[in-house]
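Trainee: I would like the atomic coordinates for the input below:
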Amino acid sequence: MLHRLVREVMTIGSTSLPLSLGSTGPAVRDLTARLRAAGFDPGADTVTFGQATEAALQRFQASRDLDPAGVCDRDTWLALVEAGYSVGDRLLYLTSPMLRGDDVAELQLRLGALGFDAGRVDGIFGPTTRTAVLEFQQNMGLVTDEVCGPETVAALARLQPRGGTTSVAGVRERHRLRTRHPALTLRVALAHLGEAEALLGAIGVELRNAGASVAVLGGSDWSEMANRINTFDADIALAVSVGEGTGCEAAYFETTGFHSVGGSHLAHLVADELPSNPKWPLITVVGKRAPILRETRAPAVALRMGPLDQVIQQRHLVATALARAIARWSLEPC
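Mentor: Sure, this is the predicted structure:
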């Protein structure tokens, strides 16, 4: 029943997207209900997309590291759907495509806090999460069906308070990085959505000259880029956005109970190596859960730079600096 309802709700939203100021109808009613359930008050009007709805949507988008434009597009809609789940609302198991949701993230955190490595707390039920569920069931004497159902949820509830503390996945990532043999060829994925192609091409040349295996990937969607990075089986990933805004931000994956130690280290190396620029008085390093960071399995950094003319003027210096940061990471990844 729940799965059928979710499919119907998603169909209503998907056929009506995008939703913005002035939109009306059942999809807006659903949108406001989901915003309110997620803790973002859209105001009293549940029929028309007004300014209160826009403001609530912007706050929700900011909380999920989505573009806070106040327009409900596909990515925002899917994030709202995911936010509607808590552990126990549905069966969790490995499917294709993989199940996503806040309930999966909560499960990963609970298992990780107990010492069962469910992988990064990314809210995506993949093979690593399935293995952690199986190991937990074996330890608890439960039916080992690799499905998080009522008995598994009840066992988790008995062992730890709701939400857990910190996942063991971060410790495991640090160990894997520290034991990686530095002589192995580094596989580097460089991703962009079009505006940074020349810059990443220059970085790729320097890294290849240093012996790395490099894939420069371009596309129109960050989730698509994450999938291609995973297919390439990258050891490390750098996603670059160049825009008209000023400043520079290096972001790595971080969520409740988990942060990527490899991604965080690379972000700080990038900030350390980038050349000085009056438009970048302070290079910000921050943990986020943006799609390119969340969905990329390897340690990744999303670098946002601007303005465009400044980046173009210094592209050779920037390319050299970023290649140097990646080379430093290869010798000391965390």
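Trainee: in this protein, what spans have low per-residue confidence?
Mentor: 1-15, 160-164, 181-184 (pLDDT under 70).
Trainee: For Ala27, identify the helix or strand it belongs to.
Mentor: Ala27 belongs to helix 26-37 when assigned by DSSP states H and E.
Trainee: what comes into contact with the helix or strand that that helix is followed by?
Mentor: Downstream of helix 26-37, the next assigned helix or strand under DSSP H and E is helix 51-63. Here helix 51-63 makes contact (CB atoms under 8 Å, 6 or more residues apart in numbering) with 20-21, 28, 31-32, 35, 38, 40-45, 67-72, 76, 79-80, 83. In this view, the C-beta of every residue, glycine as well, is placed from N, C-alpha and C.
Trainee: Run the angle between the helix or strand following helix 51-63 and helix 26-37 for me.
Mentor: Remark: after helix 51-63, the chain's next helix or strand is helix 74-83, criterion DSSP H and E. Relative orientation of helix 74-83 versus helix 26-37 (axes from the mean of the first three to the mean of the last three CA atoms, to 10 degrees): 50 degrees.
Trainee: Show me what helix 74-83 is packed against.
Mentor: For helix 74-83, the packing partners by 3 or more CB pairs under 8 Å, 6 or more residues apart in numbering; DSSP states H and E come out as helix 2-16, helix 26-37, helix 51-63.
Trainee: Identify each buried residue in the shortest one, please.
Mentor: Under the neighbour-count criterion of 16 or more other CB atoms under 10 Å, helix 26-37 has Ala27, Val28, Asp30, Leu31, Thr32, Arg34, Leu35 buried.
Trainee: of those residues, closest to Asp233?
Mentor: Arg34 (36.0 Å; CB to CB).
Trainee: Alpha carbons only: can I get the helix or strand that contains Thr152 in CSV?
Mentor: Remark: Thr152 resides in helix 150-159, with elements defined by DSSP H and E. Extracted in CSV, the C-alpha atoms of helix 150-159 (Å, rounded to 0.1, in the frame of the first residue of the first chain):
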residue,chain,number,x,y,z
PRO,A,150,10.0,-4.9,11.9
GLU,A,151,12.1,-7.4,13.8
THR,A,152,15.4,-5.8,12.7
VAL,A,153,14.0,-2.3,13.5
ALA,A,154,12.9,-3.5,17.0
ALA,A,155,16.3,-5.0,17.7
LEU,A,156,18.0,-1.8,16.7
ALA,A,157,15.7,0.2,18.9
ARG,A,158,16.6,-2.0,21.9
LEU,A,159,20.3,-1.5,21.5
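Trainee: next structured bit after it?
Mentor: Next along the chain after helix 150-159, taking DSSP H and E as the criterion, comes helix 169-178.
Trainee: quick one, what contacts Thr144?
Mentor: Neighbours of Thr144 in contact, by CB under 8 Å, 6+ apart: Leu134, Gln137, Gln138.
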